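*Asks:* Sequence and predicted structure are below.
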2 protein chains.
Amino acid sequence: MARGGKAKNLRQSELARHLANNPLLTDEELAGMFGVSIQTIRLDRSELQIPELRERMKTALQASRPVRSLGSDELVGELLDIQVGHYGVSMLKIGPEMSFRKNLVARGHHLFAQANSLAVAVIDAEVALTGAARVLFKLPVKAGDLVMARAEVSSQRGNKTVVKVISRVQEAIVFEGIFTVFTLHEEGNQ
Amino acid sequence: MARGGKAKNLRQSELARHLANNPLLTDEELAGMFGVSIQTIRLDRSELQIPELRERMKTALQASRPVRSLGSDELVGELLDIQVGHYGVSMLKIGPEMSFRKNLVARGHHLFAQANSLAVAVIDAEVALTGAARVLFKLPVKAGDLVMARAEVSSQRGNKTVVKVISRVQEAIVFEGIFTVFTLHEEGNQ
DNA sequence: GTTATAATTAGTACCAGGTACTAAATTATT
DNA sequence: AATAATTTAGTACCTGGTACTAATTATAAC
């Protein structure tokens, strides 16, 4: 091949795609997949500014840890301020992985998760569970946005607490929710 | 040191703790931290059956990926059946990482995410966004449970569609939601 | 068909972070 | 002092690279 370099471009974009999906692929494996030499893969990577395996693993690990986008952790987002029993504030940075691919609008359940976990965190009890919620997605949130959620306990009777959460992106209200949370005193299972 | 080996035991348990918190530490760094030689660290690791850096990174990455408990994918759960515009069914297996550590009860937003993403998937449009939702968490769901969500389009006027979602664990209704979803025709950004 | 250039492949020296092994030195215990 | 546990040293080898130089092959343009 020469000047055109269509095969090269195609291979490189495929390569970038593969590595984005699976950062654990070695140059040798990639060379096998594309039927080219290891050196070619290394040239491709250097042209595409894609670092080596170990670096990719590191960044992939770091990306998967600190943001705690959703899933394993108790709180979704970063807790900025809290006064248990009264209010709490958390911040969530919307990443592209939290958004629809087509338009990069954040998927609703991420905003819900931030608000829900904040509402539960604000409750002054060992164990608290959401019993009901009413939510409004007032404006679309886009990847890159920083969502600030503020939860306030608005009433508390017995084991039933109502928490209001308002989430903003730069002053604009993007989400509102009213969460009814029930507290359980230990052994709160069934 | 000899028979007792208190210093050794202490160092080894500390080492295990450190590596659990941060799998990226090299033997050299660990040797520095504990003031011993690299060889000692390697002996410790082999006695503790702790693999080398690269392996640790791999397993840490895999642990953070495959479940996709929430985040990157378009649909939360596994799509079992769908008739776009009418109904959809999805299944979600609740893992311990989706639950509160204290009582292994699933955190509400996972059920919400399953229902929300299913409601959006069921809509017959390029782009659909949740505008509002009313949800009820009727029974606690525990780690290990298989949640079946069924979404049905209950009304459609203009760009506004109402979808009802009912989630069950073995016949028992654990979640109900009414989602108001708005469709956008391309370029649906702002 | 020849030629200039792009693209690919080969080869070498070097590096980090290891494994696996052998052997020596150190330290604690009795 | 003798013995056993522990630690350190040293060597050969491995993977998955970087960085560099040089040779080879393909292709478009003339």
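*Replies:* Done, it's in.
*Asks:* Give me the distance between the helix or strand where A:Ala119 lies and the centre of its chain.
*Replies:* Using DSSP states H and E, A:Ala119 maps to helix A:108-122. Distance, stretch centre to chain centre, for helix A:108-122: 12 Å (C-alpha atoms, centre = their mean, to the nearest Å).
*Asks:* Show me what that helix is packed against.
*Replies:* Judged by 3 or more C-beta pairs under 8 Å, 6 or more residues apart in numbering or on different chains; DSSP states H and E, helix A:108-122 is in contact with strand A:78-83, strand A:87-93, strand A:127-137, strand A:146-157, strand A:160-169, strand A:172-184, helix B:108-122, strand B:127-137. Just so you know, the C-beta spots here come from the backbone N, C-alpha and C atoms, and that holds for glycine as well.
*Asks:* right, and those - which one's nearest B:Ala20?
*Replies:* For the helices and strands packed on helix A:108-122, proximity to B:Ala20 was assessed by C-beta to C-beta; strand A:78-83 is nearest, at 22.4 Å.
*Asks:* Could you give the average pLDDT over that closest one?
*Replies:* Mean pLDDT, strand A:78-83: 79.
*Asks:* quick one on the thing from earlier: tell me the most buried of the helices and strands packed on helix A:108-122?
*Replies:* Greatest average neighbour count among those goes to helix B:108-122 (a mean of 27), per mean count of other C-beta atoms under 10 Å in any protein chain shown.
*Asks:* quick one, it and strand B:127-137 angle?
*Replies:* With axes from the mean of the first three to the mean of the last three C-alpha atoms, to 10 degrees as the basis, helix B:108-122 and strand B:127-137 are set at 140 degrees to each other.
*Asks:* pLDDT on helix B:108-122, on average?
*Replies:* Across helix B:108-122, the average pLDDT comes to 92.
*Asks:* Sketch out the low-pLDDT regions of chain A for me.
*Replies:* In the predicted model of chain A, residues A:1-6, A:62-73, A:126, A:185-190 satisfy pLDDT under 70.
*Asks:* 50 instead?
*Replies:* Across chain A, the ranges flagged by pLDDT under 50 are A:1-3, A:65-72, A:186-190.
*Asks:* now the helices and strands packed on helix A:108-122 in a markdown table, with distance to B:Val153?
*Replies:* Putting the helices and strands packed on helix A:108-122 into a markdown table (distance: least, C-beta to C-beta, whole Å) gives the following:
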| stretch | distance to B:Val153 |
| --- | --- |
| strand A:78-83 | 37 |
| strand A:87-93 | 30 |
| strand A:127-137 | 19 |
| strand A:146-157 | 29 |
| strand A:160-169 | 28 |
| strand A:172-184 | 24 |
| helix B:108-122 | 6 |
| strand B:127-137 | 11 |
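*Asks:* With respect to A:Asn21, which of these lies nearest?
*Replies:* For A:Asn21, the closest of these is helix B:108-122, at 20.3 Å, according to C-beta to C-beta.
*Asks:* want to try JSON lines for the helices and strands packed on helix A:108-122, with distance to DNA strand C as columns?
*Replies:* Shown next, in JSON lines, are the helices and strands packed on helix A:108-122 (distance: least, C-beta to the nearest atom of the strand, whole Å):
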{"stretch": "strand A:78-83", "distance to DNA strand C": "29"}
{"stretch": "strand A:87-93", "distance to DNA strand C": "29"}
{"stretch": "strand A:127-137", "distance to DNA strand C": "40"}
{"stretch": "strand A:146-157", "distance to DNA strand C": "34"}
{"stretch": "strand A:160-169", "distance to DNA strand C": "40"}
{"stretch": "strand A:172-184", "distance to DNA strand C": "43"}
{"stretch": "helix B:108-122", "distance to DNA strand C": "35"}
{"stretch": "strand B:127-137", "distance to DNA strand C": "37"}
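*Asks:* Which one of those lies nearest to B:Leu10?
*Replies:* With C-beta to C-beta as the measure, strand A:78-83 is the member of the helices and strands packed on helix A:108-122 nearest B:Leu10 (33.2 Å).
*Asks:* Done for today, thanks.
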